[in-house]
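Visitor: A predicted structure for the sequence below; I have some questions about it.
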Amino acid sequence: MQDHSVVFSIFLIFSGAALLATLALYMRQAMLIAYLVLGVLLGPWGLKLVTDAALIQDIAEIGIIFLLFLLGLNLSPQKLLHLLKETTLVTVFCSLVFSSAAGLLAWAFGFSWSDILLIGIACSFSSTIVGLKLLPTTVLHHKHTGEVIISVLLLQDLIAIVTLLVLQGLGKEGLPLFEVILLLVSLPVVCAAAWFGQRWVLLPLFRRFDRIQEYVFLLSIGWCLGIAQLAVSLGLSYEIGAFIAGITIATSPMALFIAESLKPLRDFFLVMFFFGLGAGFDISAAPEVIFPAIILGAGLLILKPVVFRYALVGQSESNQLAWETGVRLGQLSEFSLLIVFVAISHSLISDQAATLIQLATFISFIFSAWYIVLKYPTPIALNDRLRRD
């Protein structure tokens, strides 16, 4: 198949996304499901119309960076510490339960011990993107339900990033001790650099040129990507750096304007992100693991709300809040797919186990999004009573 230009690929992606998103909304599905399906259809394992999936995924990572940056913009450091203190026990307990349940299922289907371990780890997380994209702004920023969901997702993301660092270390000769030490040293360094930078450079520039909206927009993007690149240079991730960049200016009076102006840019790259996930899925290998993948995906969709409800009620949260939190966090995570990618690149997981995790993740995305849109307030609900911005 002849390679197409990047412009033609973007034309195919967004034209196809618009068409499938229309169908998804009529079917009461989240639009991100349309982007995943489109990636499968047009990607290297489908019609081969967009073959450079790696380039698309590189571009798409910017969408996650902006998502974490915007999340940090709405959380002051004091509020973040308070939230993490409240939900640490809940997050750790639930992650252990989900990991154990998935590992037992993998053992029952005869996977090797290394596969069982990685399947269990991959299934312990929930999707930050699905969780936040289907959460109304009023709930996300102004209600306790949004605070609980954000804190759980943040802790899971931190655990996932540590897991990725360990896997990268296991793929090298020797123990991953250097990577762990680098993480412990680098995180405070990035936080300190971001704090001093915003106090002595960023905020003075905002105060001097705040009337020039184009400059504020440009400076915000530069700040986000600059701290993200600093984090990567010190052995962390773009996502952690972007989140720290957002938190450091959360108390600025410009935070609300920055958040609103960056939303369209974030959404553009998130379309690319989910398309890239779909394009990277080898659909020809799916029949071998379709049965265990359905059981795994469906089982977690049932188990996660029950376990979250039990854990949160035990922390004196209301039954309604606990159940809604569990339903909104019932799916697997984009970090599950990243774990598969890193594990495959270092020959730490079998192809069959990797396909199982990918397929179970897609199944959980589809049915979790459908149920949330059907039962809870979301920005895309077709029921007027549930549609909230």
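Guide: In hand now; what should we look at?
Visitor: Checking my notes, G131 in a helix, right?
Guide: Yes: counting by DSSP: H, G, I helix; E, B strand; the rest coil, G131 is part of a helix.
Visitor: for the protein, what helix or strand is lowest in average pLDDT?
Guide: None of the helices or strands of the chain scores lower by mean pLDDT, DSSP states H and E than helix 137-142, at a mean of 59.
Visitor: so how far is whichever helix or strand comes after that one from its chain's centroid?
Guide: The helix or strand immediately downstream of helix 137-142 is helix 144-170, counting by DSSP states H and E. Distance, stretch centre to chain centre, for helix 144-170: 9 Å (Cα atoms, centre = their mean, to the nearest Å).
Visitor: Give me the helices and strands touching helix 144-170, please.
Guide: Here helix 144-170 touches helix 53-73, helix 77-108, helix 128-133, helix 137-142, helix 177-197, helix 238-248, helix 319-328, helix 334-345, going by 3 or more Cβ pairs under 8 Å, 6 or more residues apart in numbering; DSSP states H and E. (Each C-beta comes from the backbone N, C-alpha and C, glycine too.)
Visitor: And I13, how far from L374?
Guide: 27 Å (Cβ to Cβ, to the nearest Å).
Visitor: out of those two, which sits in the busier spot?
Guide: Taking neighbours as other Cβ atoms under 10 Å, I13 and L374 compare with I13 leading, 22 against 14.
Visitor: and the more buried one, helix, strand or coil?
Guide: Applying three-state DSSP to I13 yields a three-state assignment of helix.
Visitor: For it, which non-adjacent residue is closest in space?
Guide: F275 (5.3 Å; Cβ to Cβ, 6 or more residues apart in numbering).
Visitor: In which helix or strand does that neighbour reside?
Guide: Assigned by DSSP H and E, F275 belongs to helix 255-279.
Visitor: Check which residues of that helix are buried.
Guide: Neighbour counts over helix 255-279 (16 or more other Cβ atoms under 10 Å) mark 255, 257-259, 261-262, 266, 268-279 as buried.
Visitor: just checking, next helix/strand downstream of that helix?
Guide: Immediately after helix 255-279, counting by DSSP H and E, sits helix 290-313.
Visitor: okay, the angle between that next one and helix 144-170?
Guide: Angle, helix 290-313 to helix 144-170, by axes from the mean of the first three to the mean of the last three Cα atoms, to 10 degrees: 130 degrees.
Visitor: Can you name every helix or strand that helix 290-313 contacts?
Guide: Applying 3+ Cβ pairs under 8 Å, 6+ apart, we find helix 290-313 packed against helix 77-108, helix 319-328, helix 351-375.
Visitor: quick one on the thing from earlier: compute the inter-axis angle for the helix holding F275 and helix 334-345.
Guide: Using the same axes, to 10 degrees: helix 255-279 against helix 334-345 is 50 degrees.
Visitor: now helix 255-279: mean pLDDT?
Guide: Taken as a whole, helix 255-279 carries a mean pLDDT of 82.
Visitor: What helices and strands are in contact with it?
Guide: Secondary elements touching helix 255-279 (3+ Cβ pairs under 8 Å, 6+ apart): helix 6-26, helix 31-42, helix 53-73, helix 128-133, helix 213-233, helix 334-345.
Visitor: Go through the third one and flag the buried ones.
Guide: This points to helix 53-73. By 16+ other Cβ under 10 Å, the buried positions in helix 53-73 come out as 53, 56-57, 59-73.
Visitor: mean confidence score for it?
Guide: Averaged over helix 53-73, pLDDT sits at 75.
Visitor: same thing with the shortest one?
Guide: pLDDT averaged over helix 128-133 equals 82, rounded to a whole number.
Visitor: what packs against it?
Guide: Against helix 128-133 (3+ Cβ pairs under 8 Å, 6+ apart) you get helix 31-42, helix 53-73, helix 144-170, helix 255-279, helix 334-345, helix 351-375.
Visitor: ok, the residue lying closest to T88 once chain neighbours are set aside to T128 distance?
Guide: Leaving out its chain neighbours, the residue that sits closest to T88 by Cβ to Cβ, 6+ apart is L155, at 6.4 Å. When distance is defined by Cβ to Cβ, L155 is 11 Å away from T128.
Visitor: Of these two, give the one with the bigger neighbour count.
Guide: The neighbour count for L155 versus T128, taken as other Cβ under 10 Å, is higher for T128 (25 against 18).
Visitor: ok, the more buried one to H144 distance?
Guide: When T128 is compared with H144 (using Cβ to Cβ), they lie 19 Å apart.
Visitor: again, but for L187
Guide: To H144, L187 is 28 Å away according to Cβ to Cβ.
Visitor: Identify the residues contacting the residue most central in space within the chain.
Guide: Centroid-nearest residue in the chain, with Cα atoms, centre = their mean: T128, separated by 3.7 Å. Going by Cβ atoms under 8 Å, 6 or more residues apart in numbering, T128 touches 67-68, 153, 156-157, 333-335.
Visitor: All set now, cheers.
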